[in-house]
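Enquirer: coordinates only, sequence not included:
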């Protein structure tokens, strides 16, 4: 016998009916909780991470080895033309901003998906939105392009680019809320 809230027991019983027996479902759930714990994680952490992977997949993200990604970005930026690449990243950012449709949701997804960033913060300062990114693996080209992606996303979320500093691995951007947004 396990003690649990009645609403949870009812929901688990309903799920178990669809999947087999309550005994099997409870045992499977407990086994997975034990396995998660052995990995140093909770079931909540695992489910939150799975949600991010699903959202990224639904939004059109793909997994690619970072060495390939960084080399492709660097060569594309230098050989295909800086302006063309910046426009492409800006337009892609606009699409993702519209796709997520909410600044907090967009921020949450970026924090969880952009594994190469050691820091990603958005804060309010004197009526401006301040964006700060740090990624030690980001080249100057990648930093410039990612800043264009952010500019496009934030533009579609109702913010206008004001100013910014972009260095190798460091992006500091300032936006203000658009008059129409």
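Expert: Okay, I see it. Every value quoted in this text rests on a predicted model; they were computed, and no experiment measured them.
Enquirer: ok, so what distance separates the closest residue to residue 101 other than its chain neighbours from residue 179?
Expert: Distances taken as C-beta to C-beta, 6 or more residues apart in numbering place residue 157 nearest to residue 101, at 7.7 Å, with adjacent residues excluded. Every residue, glycine included, has its C-beta placed from N, CA and C. With distances taken as C-beta to C-beta, to the nearest Å, residue 157 is found 14 Å from residue 179.
Enquirer: ok, those two, which is more surrounded?
Expert: residue 157 (24 against 7; other C-beta atoms under 10 Å).
Enquirer: doesn't residue 104 make contact with that one?
Expert: No. In this structure residue 157 lies outside contact range of residue 104 using C-beta atoms under 8 Å: 10.1 Å.
Enquirer: confirm that residue 143 sits in a helix.
Expert: Yes. According to DSSP: H, G, I helix; E, B strand; the rest coil, residue 143 belongs to a helix.
Enquirer: just checking, what packs against the lowest-mean-pLDDT helix or strand in the chain?
Expert: One helix or strand of the chain scores below all others by mean pLDDT, DSSP states H and E: helix 66-79, with a mean of 82. In terms of contacts (3 or more C-beta pairs under 8 Å, 6 or more residues apart in numbering; DSSP states H and E), helix 66-79 is packed against helix 140-156.
Enquirer: first to last residue in stretch 13-32, what's the distance?
Expert: Start-to-end span of stretch 13-32 (C-alpha to C-alpha, to the nearest Å) is 18 Å.
Enquirer: for this structure, which segments are assigned as helices?
Expert: Under the criterion DSSP state H, the chain contains helices at 6-19, 22-38, 43-58, 66-79, 82-100, 103-113, 140-156.
Enquirer: tell me the pLDDT at residue 181?
Expert: For residue 181, the pLDDT comes out at 53.
Enquirer: what stretches of the protein score poorly on pLDDT?
Expert: 1, 180-181 (pLDDT under 70).
Enquirer: could you rerun that using 80?
Expert: Counting by pLDDT under 80, the chain shows low-confidence ranges at 1-2, 59, 66, 80-81, 115-116, 179-181.
Enquirer: show me how the protein divides into domains.
Expert: 6-41, 62-177 (automatic domain parsing).
Enquirer: can you list those domains in CSV and add distance to residue 50?
Expert: CSV is the format used below for the domains of the chain (distance: least, C-beta to C-beta, whole Å):
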stretch, distance to residue 50
domain 6-41, 11
domain 62-177, 11
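Enquirer: return the most buried member of those.
Expert: domain 62-177 (a mean of 16; mean count of other C-beta atoms under 10 Å).
Enquirer: rewinding a little: what angle separates the least confident helix or strand of the chain from helix 140-156?
Expert: Helix 66-79 and helix 140-156 are oriented at 90 degrees to each other (axes from the mean of the first three to the mean of the last three C-alpha atoms, to 10 degrees).
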